[in-house]
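Asks: Sequence first, then the predicted structure, then my questions.
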Amino acid sequence: MRHIRAKAWELKLKTVFDEIDRRLESDYGDRFRIHPARPAEGRTSNPEMDGLFNVGASYSAGFGSAYGPGYVVEIRVSTLQSISQYFREELRDLVQTWLTEMLPNTFPDRELHVVKEGNHLRIYGDLRLD
């Protein structure tokens, strides 16, 4: 069971990811055919569950990371088509830019950072729950 403050913090973070998902759908939603088992964008009440893109994060204790605890960002593209490494990197860079712009507005009392770590992004910094 997760602490109620952790749930609230992650719900605020989800609003950021939902907005990024909408932007990706708008800018790149026609680039690939959506997976046949996935509903079209806007068909569900949760942007994670429909459309071509799903951007989210999972908490990581940071073992093995130079940055310590944080959230590992995952960018999924729901298609059966092959996606080039170049496009995956382009998406990662764009999501990093948007997160860097949006997190200070969502968490104005926190110093949060978004860095590339391997093939993914990590959000780290002031993760306190108060």
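Replies: Happy to help now that I have it.

Asks: which residues of the chain fall in helices?
Replies: 4-28, 85-106 (DSSP state H).

Asks: Just the CA atoms of the shortest one, as PDB, please.
Replies: Extracted C-alpha coordinates of helix 85-106, given in PDB (Å, rounded to 0.1, in the frame of the first residue of the first chain):
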ATOM      1  CA  GLN A  85      16.400   4.400 -32.900                       C
ATOM      2  CA  TYR A  86      16.700   7.900 -34.300                       C
ATOM      3  CA  PHE A  87      13.000   8.500 -33.800                       C
ATOM      4  CA  ARG A  88      13.100   7.000 -30.300                       C
ATOM      5  CA  GLU A  89      15.900   9.400 -29.400                       C
ATOM      6  CA  GLU A  90      14.000  12.300 -30.900                       C
ATOM      7  CA  LEU A  91      11.000  11.500 -28.800                       C
ATOM      8  CA  ARG A  92      13.200  11.100 -25.700                       C
ATOM      9  CA  ASP A  93      14.800  14.500 -26.300                       C
ATOM     10  CA  LEU A  94      11.500  16.200 -26.900                       C
ATOM     11  CA  VAL A  95       9.900  14.600 -23.700                       C
ATOM     12  CA  GLN A  96      13.000  15.800 -21.800                       C
ATOM     13  CA  THR A  97      12.500  19.300 -23.000                       C
ATOM     14  CA  TRP A  98       8.800  19.300 -22.200                       C
ATOM     15  CA  LEU A  99       9.400  17.800 -18.700                       C
ATOM     16  CA  THR A 100      12.100  20.400 -18.000                       C
ATOM     17  CA  GLU A 101       9.600  23.200 -18.900                       C
ATOM     18  CA  MET A 102       6.500  21.700 -17.200                       C
ATOM     19  CA  LEU A 103       7.800  20.300 -13.900                       C
ATOM     20  CA  PRO A 104       8.600  23.800 -12.300                       C
ATOM     21  CA  ASN A 105       5.000  24.900 -13.000                       C
ATOM     22  CA  THR A 106       3.500  21.700 -11.500                       C
END
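
Asks: measure the closest residue to residue 112 other than its chain neighbours to residue 43 for me?
Replies: Closest residue to residue 112 apart from its sequence neighbours, by CB to CB, 6 or more residues apart in numbering: residue 125 at 4.1 Å. The C-beta positions use only the backbone N, C-alpha and C, and glycine is treated the same way. Going from residue 125 to residue 43 by CB to CB, to the nearest Å gives 35 Å.
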